[in-house]
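*Asks:* would you be able to build a 3D model of this:
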Amino acid sequence: MARAAPFHAYAGTLLSMREVVLWVVAMLITWCLLVGIAIAVLSWRLDRRNRVSPNHPSSAPMMWLWSPARPALLHRRLRRTVQMSRLAVALPSANDPELSVPRLREQLEQQSVVLDHHVVLSSRLARPHRRVALRQLDHQVTELEHVARRLTSLDQRPPGVRSSGWHQSPADALARLSDDLHLLEEAQAEVDEVDRVGYTKPDAYTGAPAIASAGQNVGNHPQPFERVGGTPGIDAGEGPFEAIGNRVDPTTGP
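*Replies:* Numbering: from 1, shown residues only. As a prediction, the model looks like this:
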C-alpha cells in the first residue's frame, strides 16, 4: 500500500502557486497603471497642442489636429498665427504701456481665441447656415493673419542695439546689406588699382618709378621727402651724393 504524501508538501505547493498568482496580478496592475498614465499624458499633450492659445482651453475636437474639414483648417490657421506672433514678439510685462507691441500681441491672441470659439459654434450649425458662417469667419481669420504679419514685421531689437533705419524684413535687409558690401568692394578695388598705377608710373626723364613730392599722397600714403634741383644724376655737375644732399626733409627745413 502506497504511503500518502505528507501535508506540508501540499501546503508548500499551494504557497508557491499563490505567490505566482500574486506576481501575475501585480504585473497586470502595474501594466494597467503605466498604460493609463501614458494615455493621460498623451491626452494632456494633445489637448495643449490643440489649443489656439496655451493660456486658454479650447473646445475644438481633438480630431481637428489632422482633419481636412474646413472648420479644422480654420482652427489650425489660428493656432499657427498665435505661434508665429509668440515667436516674434516678447510676452508683455507690467511696465509695458497700453500701446506697445507686446500688448498688441496679447490682444491679437485673445481675438484668436474668440474666433476659434466662433468656429467651433459654426461647425455645429446646419449645413446651409454653417457654410455662410464659415465663409465670414474665413475672411476674419485672413485679416487676423495679415495683422499678425504686420505686428511681427515691426522693428524688434534686443536692448542696446540701435535701429538700422531700414524697416524691412530680415531677407530684404540682408539683401540690401549685401548690395552695399558689393559697392564697398568695388570702391576698394578701384583704390587698390590707383595705388598700383601711382607707384609704377614711369618718370618722364629717366623711365624710373616716380618719387612723390612732399605733401603729395600717392595711394593715400604721405611721402616724407621731396626731390629738388631737378632729376638726380641728370642735372649738370651733380653726382649721386650731391643729388642726395639736395633732398630736403620737410619736417626740419633746408
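*Asks:* where's Arg130 relative to Leu33, distance?
*Replies:* 43 Å (Cβ to Cβ, to the nearest Å). Every C-beta, even on glycine, is put in place using the N, C-alpha and C of the backbone.
*Asks:* go on, Gln83?
*Replies:* 34 Å.
*Asks:* how about Glu145?
*Replies:* 44 Å.
*Asks:* more neighbours, those two?
*Replies:* Ranked by neighbour count (other Cβ atoms under 10 Å), Glu145 and Leu33 place Glu145 first, with 16 against 10.
*Asks:* which element is the nearest residue to the more buried one once chain neighbours are set aside on?
*Replies:* Using Cβ to Cβ, 6 or more residues apart in numbering and skipping the chain neighbours, the partner closest in space to Glu145 is Thr81 (5.3 Å). In this assignment (DSSP states H and E), Thr81 forms part of helix 70-88.
*Asks:* which one's the longest helix in the protein?
*Replies:* helix 7-50 (DSSP state H).
*Asks:* now that one: mean pLDDT?
*Replies:* Mean pLDDT, helix 7-50: 83.
*Asks:* ok and that helix relative to helix 70-88, angle-wise?
*Replies:* 80 degrees (axes from the mean of the first three to the mean of the last three Cα atoms, to 10 degrees).
*Asks:* okay, domains of the protein per the record?
*Replies:* For the chain, the structural domains run 63-152, 172-245, going by automatic domain parsing.
*Asks:* which stretch in the ones you listed is the model least sure about?
*Replies:* domain 172-245 (a mean of 60).
*Asks:* quick one: the helices in the chain?
*Replies:* Under DSSP H, the chain gives helices at 7-50, 70-88, 101-123, 127-152, 170-200, 240-245.
*Asks:* want to throw the ones you listed into TSV with distance to Ser59?
*Replies:* Below are the helices of the chain laid out as TSV (distance: least, Cβ to Cβ, whole Å):
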stretch	distance to Ser59
helix 7-50	10
helix 70-88	10
helix 101-123	5
helix 127-152	15
helix 170-200	37
helix 240-245	98
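*Asks:* now Arg149: how far from Thr142?
*Replies:* According to Cβ to Cβ, Arg149 stands 11 Å off from Thr142.
*Asks:* surely Thr152 touches Ala88?
*Replies:* Yes: between Thr152 and Ala88 there is a contact at 3.7 Å, judged by Cβ atoms under 8 Å.
*Asks:* ok so, going back, ok, the residue nearest to Glu145 - contacts?
*Replies:* 108, 112, 141, 144-145, 148 (Cβ atoms under 8 Å, 6 or more residues apart in numbering).
*Asks:* just the buried residues of the residues you listed.
*Replies:* Buried subset of the contacts of Thr81 (neighbour count, 16 or more other Cβ atoms under 10 Å): 108, 112, 141, 144-145, 148.
*Asks:* let's have these in JSON lines, adding distance to Ala126.
*Replies:* JSON lines is the format used below for those (distance: Cβ to Cβ, whole Å):
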{"residue": "Leu108", "distance to Ala126": "31"}
{"residue": "Ser112", "distance to Ala126": "26"}
{"residue": "Val141", "distance to Ala126": "22"}
{"residue": "Leu144", "distance to Ala126": "26"}
{"residue": "Glu145", "distance to Ala126": "28"}
{"residue": "Ala148", "distance to Ala126": "32"}
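*Asks:* pull the most distant pair out of those.
*Replies:* For the buried ones among the contacts of Thr81, the farthest-apart pair by Cβ to Cβ is Leu108 and Val141; their separation is 12.1 Å.
*Asks:* in contact with Leu125: list those residues for me.
*Replies:* Residues in contact with Leu125 (Cβ under 8 Å, 6+ apart) are Ala133.
*Asks:* tell me the spacing between it and Arg131.
*Replies:* Distance of Leu125 to Arg131, given as Cβ to Cβ: 9 Å.
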